[in-house]
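K.L.:
Task: produce atomic coordinates for the following.
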Amino acid sequence: MSSPSAGNESMRSTTSDLRGAIRIGWLILVGVVVVLSGLAIYKPVQLYWITAAFGGYDVARVVHLSCLVLLAVFTVMHLVLVALHPRTIITMVTGGPRG
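P.N.:
Numbers count the residues shown, from 1 in each chain. Below you'll find the predicted structure:
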């Protein structure tokens, strides 16, 4: 019979992998939205179908600028965290010790 901790170890690894996949999924989704909204405001006449998918030029601008603001807030927030905890920068970048 296997110990209970062995089951937790494989579940922890699966959960960690799932979190990574979800992060990558969100990154791809946001990246696609930013690129498409940028194209919609860059060439609204030639790429009318993208502009229409966003609900018009004005909505595409709002979506694009909202993503810009969220990216700026995300960056500033992480810079503040690094400034407050400079010794943990290696752990932040690498994800900490594995094993």
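
K.L.:
now the host helix or strand of Asp58, how far from the chain's geometric center?
P.N.:
Under the criterion of DSSP states H and E, Asp58 resides in helix 57-84. Relative to its parent chain, helix 57-84 has a centroid offset of 11 Å by C-alpha atoms, centre = their mean, to the nearest Å.

K.L.:
now do stretch 86-99
P.N.:
How far stretch 86-99 lies from its chain's middle: 19 Å, per C-alpha atoms, centre = their mean.

K.L.:
returning to what we had before: now the helix or strand that the helix holding Asp58 is followed by: buried residues?
P.N.:
Using DSSP H and E, the helix or strand that follows helix 57-84 in sequence is helix 89-94. Going by neighbour count (16 or more other C-beta atoms under 10 Å), nothing in helix 89-94 comes out as buried. Heads up, the C-betas are built off the backbone N, CA and C, glycines and all.

K.L.:
got it, and stretch 60-76?
P.N.:
Buried-residue list, stretch 60-76, by 16+ other C-beta under 10 Å: Ala60, Arg61, Val63, His64, Cys67.

K.L.:
I'd like the next helix or strand past the strand or helix carrying Ile41.
P.N.:
Counting by DSSP H and E, the element that carries Ile41 is helix 4-42. Later in the chain than helix 4-42, the nearest helix or strand by DSSP H and E is helix 48-53.
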